[in-house]
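Novice: Kindly return the folded structure for what I paste below:
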Amino acid sequence: MTRVAILGAAGRMGRALIQTLAAEPQASLAAALDRAGAADLGRDASALAGLPESGVLLGADLPAALPGVDVVIDFTRPDGTMAALQACLRQRKALVIGTTGLDAEQKAAIAEAAKTIPVCFSANYSVGVNVCLRLLRIAAQTLGEGYDVEIVEAHHRHKVDAPSGTALRMGEAVADALGRKLEDCAIYGREGHTGARDGNTIGFATVRGGDVVGDHTVMFLGEGERVEISHKASSRTNFARGALRAAVWLAGRPAGLYDMQDVLGLK
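Specialist: Numbering: from 1, shown residues only. Reported below is the predicted structural model:
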């Protein structure tokens, strides 16, 4: 039985993780944590998620909770993730990271920590999205250079980073398959007189509003035809299921930097 700690447990994704974990036979909720000063500290974490009480109270001291934990799942903010990374590193605990908006320095810190502890770091834990990433590579390699690539993503009004981590990961998958680097060919906005489209670029468009959980579409636009690969999430449950699958898979693994493609055997 994999003992799991959930960070950001009082948030939307945290509650979805707790709800999903309650039905997971291979894992149990060992700790639930949120930021210091959070309004719900001290309350039963399962009750916060609309479930019967489990006796696991919402706390704020991750280092104190870690001795009874096998794997930590973190879907918070970059600063919280960095603090969790250091705590897990000190106590040699596995870490599943679903946080987006991390900068290059923070990603480098994750890669360095993964030399000591097992870390699963993925832009999206949905099984469907990860199948799409595989399909995108196949599509890009097969269609080749004669198709323009555009990526459109939509999320709820509360999302604070753009483009989404999933959209960027999709762009990376396409760019890599085409022998390009995303940082050299990405276009994140168009306005005014832009001139004709450069066929070597990958365009991104971002939509924010309402309660959209997450929609992503990658378009390969050629002469006379268009190929679209889309994923639309209607609830956070699929992300939670994938993250828990990753946590169970990660427990007991040797140190290393893994992602959901490793978990699903898609590499």
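Novice: Where does residue 73 sit: helix, strand or coil?
Specialist: Classification of residue 73 by DSSP: H, G, I helix; E, B strand; the rest coil places it in strand.
Novice: Please name the nearest non-neighbouring residue to it.
Specialist: Distances taken as Cβ to Cβ, 6 or more residues apart in numbering put residue 96 closest to residue 73, at 4.6 Å, once the chain neighbours are dropped. Every residue, glycine included, has its C-beta placed from N, CA and C.
Novice: from what I can see the one you found touches residue 69, true?
Specialist: No: the criterion here is Cβ atoms under 8 Å, and residue 96 misses it with residue 69 at 11.8 Å.
Novice: The two: which is more packed in?
Specialist: Shown here are residue 96 and residue 69; by other Cβ atoms under 10 Å, residue 96 has more neighbours (31 against 19).
Novice: And the strands in this structure, which stretches?
Specialist: All strands of the chain, identified by DSSP state E, fall at 2-7, 27-33, 58-59, 71-74, 94-97, 118-121, 148-155, 186-187, 202-208, 214-222, 225-233, 256-258.
Novice: So which of the ones you listed is nearest residue 47?
Specialist: Among these, the nearest to residue 47 by Cβ to Cβ is strand 58-59 (9.5 Å).
Novice: List the strands paired with the closest one, with their directions.
Specialist: Partner strands for strand 58-59, per DSSP bridges, with pairing direction: strand 27-33 (parallel).
Novice: where's the partner strand relative to the chain centroid, distance-wise?
Specialist: Per Cα atoms, centre = their mean, to the nearest Å, the displacement of strand 27-33 from the mean C-alpha position of its chain is 19 Å.
Novice: on that earlier part again, ok, now how distant is the residue nearest to residue 73 from residue 52?
Specialist: Distance, residue 96 to residue 52, using Cβ to Cβ, to the nearest Å: 25 Å.
Novice: First-to-last residue distance for stretch 138-151?
Specialist: 16 Å (Cα to Cα, to the nearest Å).
Novice: hang on, the earlier thing: Serialize the strands of the chain to TSV and add fields for distance to residue 195.
Specialist: Formatted as TSV, the strands of the chain follow (distance: least, Cβ to Cβ, whole Å):
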stretch	distance to residue 195
strand 2-7	46
strand 27-33	51
strand 58-59	54
strand 71-74	43
strand 94-97	39
strand 118-121	37
strand 148-155	14
strand 186-187	12
strand 202-208	14
strand 214-222	17
strand 225-233	22
strand 256-258	40
